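Visitor: Just need the structure, nothing else, for what follows:
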Amino acid sequence: LEAVSLAPAAGAQGELAGMLVIRKAHLVKGDTHRNIVIIPDSAHGTNPATAAICGFQIKVVPTDKEGLIDIEAFKKIVAENFNNIAGTMITNPNTCGKFEKNIKEIADIIHSAGGYFYCDGANYNAIVGKVRPVDLGVDVMHFNLHKTFSTPHGGGGPGSGPIAVRKDFLEFLPTPHVVKENNQYRFIAH
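Guide: Down below sits the predicted model:
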């Protein structure tokens, strides 16, 4: 993805910041009616709470017998709520430990409805370096440094839940940002 904010101090904060980025993107476009977020029952447990805190209504999509998102049920929820879809929150690999094999199709469906794809990176360590989230259609995601990059967690260890976004969400990222100009790094606080 194009840009990253290191501001969130934990995965839960990253998740909240990521969904607020999506909310702001809709508000700036005047899409105040987009208030539904589709969340699979295999998602990280915090996803429904985060969406609700951000003011979204949650529609839960079930998993199929393989432990993956039921693609037909997903399509049905999108069709029934097409004009009000804000996005989807998907943990991939999911809480069952499975990589969503239909993830690109799911991203295309959510984008066709005008929604955004938020990826919860709680289990991203399983695919880091093997998959590029942008190639899967991810718009915004957080990743937990204590899982993905093995920083200490708990007991006073540093917390971090950075969020990464596509280029067109850059203006909504929490600050400060670190930028590199002429082989030097500097903070931008706006």
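Visitor: low-scoring stretches of this protein, by residue?
Guide: 145-159, 190 (pLDDT under 70).
Visitor: which residue is nearest the middle of it?
Guide: Tyr118 (2.5 Å; C-alpha atoms, centre = their mean).
Visitor: List the pairing partners of whichever strand or helix holds that residue within its sheet, with orientation.
Guide: Using DSSP states H and E, Tyr118 falls within strand 116-121. Strand 116-121 sits in its sheet next to strand 85-91 (parallel), strand 140-143 (parallel), going by DSSP bridges.
Visitor: Out of the ones you listed, which is closest to Tyr185?
Guide: Nearest to Tyr185, of all the strands paired with strand 116-121, is strand 140-143, at 21.0 Å by C-beta to C-beta. (C-beta placed from N, C-alpha, C; glycine too.)
Visitor: ok now the closest one, how far from the chain's centre?
Guide: Distance of strand 140-143 from its chain centroid, counting by C-alpha atoms, centre = their mean, to the nearest Å, is 5 Å.
Visitor: ok, now stretch 62-71?
Guide: Taking the mean of its C-alpha atoms, stretch 62-71 sits 19 Å from the chain's own mean (C-alpha atoms, centre = their mean).
Visitor: same check, this time on stretch 10-28
Guide: What separates the centre of stretch 10-28 from the centre of its chain is 8 Å, taken as C-alpha atoms, centre = their mean.
Visitor: quick one: Gln94 from Glu100, how far?
Guide: Careful, residue 94 is Asn and not Gln. From Asn94 across to Glu100, the span is 6 Å (C-beta to C-beta, to the nearest Å).
Visitor: I meant Val138, not that one.
Guide: 12 Å.
Visitor: Also Asp108?
Guide: Distance of Asp108 to Glu100, given as C-beta to C-beta: 13 Å.
Visitor: And these two? Which one has more around it.
Guide: Set Asp108 next to Glu100 and count neighbours by other C-beta atoms under 10 Å: Glu100 wins out with 23 against 12.
Visitor: was I right about that one contacting Asp70?
Guide: No: between Glu100 and Asp70 there is no contact under C-beta atoms under 8 Å: 11.2 Å.
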